[in-house]
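Novice: Build me a structure from this.
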Amino acid sequence: DTMALMPTGGGKSLCFQVPALMQDGICVVVSPLIALMKDQVFQLKKRGIKAAAIFTGLSFHEIDMILDNCQFGYYKFLYVSPERLKTDIFIERFKLMKVNLIAVDEAHCVSQWGYDFRPPYLEIAEIRKYHPKIPVLALTASATEMVQKDIVEKLEFRKKYNVFKKSFIRSNLSFVIRKEEAKYPKLVEIIQKIKGSGIVYVRSRNKTKDVAEYLQKNNVKADFYHAGLQA
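Specialist: Reported below is the predicted structural model:
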């Protein structure tokens, strides 16, 4: 069992993709985000590697077909959400798969101290009993000592486990904190000084519209985006 702490873009996916390709069987990747799953499946397929993802929106027949193919060795990688691991259809097929590795992406979600706590992450270790000899690889770009300890505990790591840490220092990033009374004018001033596109994060949906309109009035091309927009 291994925990790998690496910055975003540091090559975390290679840490499970290469070992999985070197061995017989399938690698099951637990991931919390549909966009991430789709992107990785796309990248693998582009390289001629058989991969699939199960996510919300697929029909029962499609899920059944994917799991069938996983069971009979057609796919090398199967991406699933932690919620999916709890379903009967998955468990029954998982038991019959020739699994070579279980990779848990965004592993900080395992911890109640992680910033994106999801209860099903706490139960990932339940599937280990069906393949007790198969190692688990936990990957994250953000984990304090407390969160690391939580990950090891919740994923039921064996006693002799590995931890690999890569430096999180990113020379291309800088953080500046300013206390401003007039935030909007200051925002325009900053935008005018910096080339390229930018993202402004705000607290509410209404604020996204307010900021975009303010920027437009100040000759800055801007639009707003939030979860309430239609497709």
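
Novice: pLDDT wise, what is residue 174 at?
Specialist: With respect to pLDDT, residue 174 has a value of 84.

Novice: burial of it, as a residue count?
Specialist: Residue 174 is flanked by 6 other residues according to other C-beta atoms under 10 Å. Where C-beta positions appear, they are placed from N, C-alpha and C, glycine not excepted.

Novice: what about it, distance to residue 194?
Specialist: Residue 174 is 12 Å from residue 194, where distance means C-beta to C-beta, to the nearest Å.

Novice: repeat for residue 3
Specialist: Counting by C-beta to C-beta, the gap from residue 3 to residue 194 is 37 Å.

Novice: higher neighbour count, the two?
Specialist: residue 3 (22 against 8).

Novice: Tell me who's in contact with that one.
Specialist: Contact partners of residue 3, counting by C-beta atoms under 8 Å, 6 or more residues apart in numbering, are 107, 137-140, 148, 151-152, 157, 161-164.

Novice: which residues of this protein fall in helices?
Specialist: Listed in chain order, the helices of the chain (DSSP state H) span 12-21, 34-46, 60-71, 88-96, 145-154, 183-193, 205-217.

Novice: Take the ones you listed and lay them out in a markdown table including mean pLDDT.
Specialist: What follows is the helices of the chain, written out as a markdown table (pLDDT from 0 to 100):
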| stretch | mean pLDDT |
| --- | --- |
| helix 12-21 | 94 |
| helix 34-46 | 94 |
| helix 60-71 | 96 |
| helix 88-96 | 96 |
| helix 145-154 | 92 |
| helix 183-193 | 95 |
| helix 205-217 | 97 |
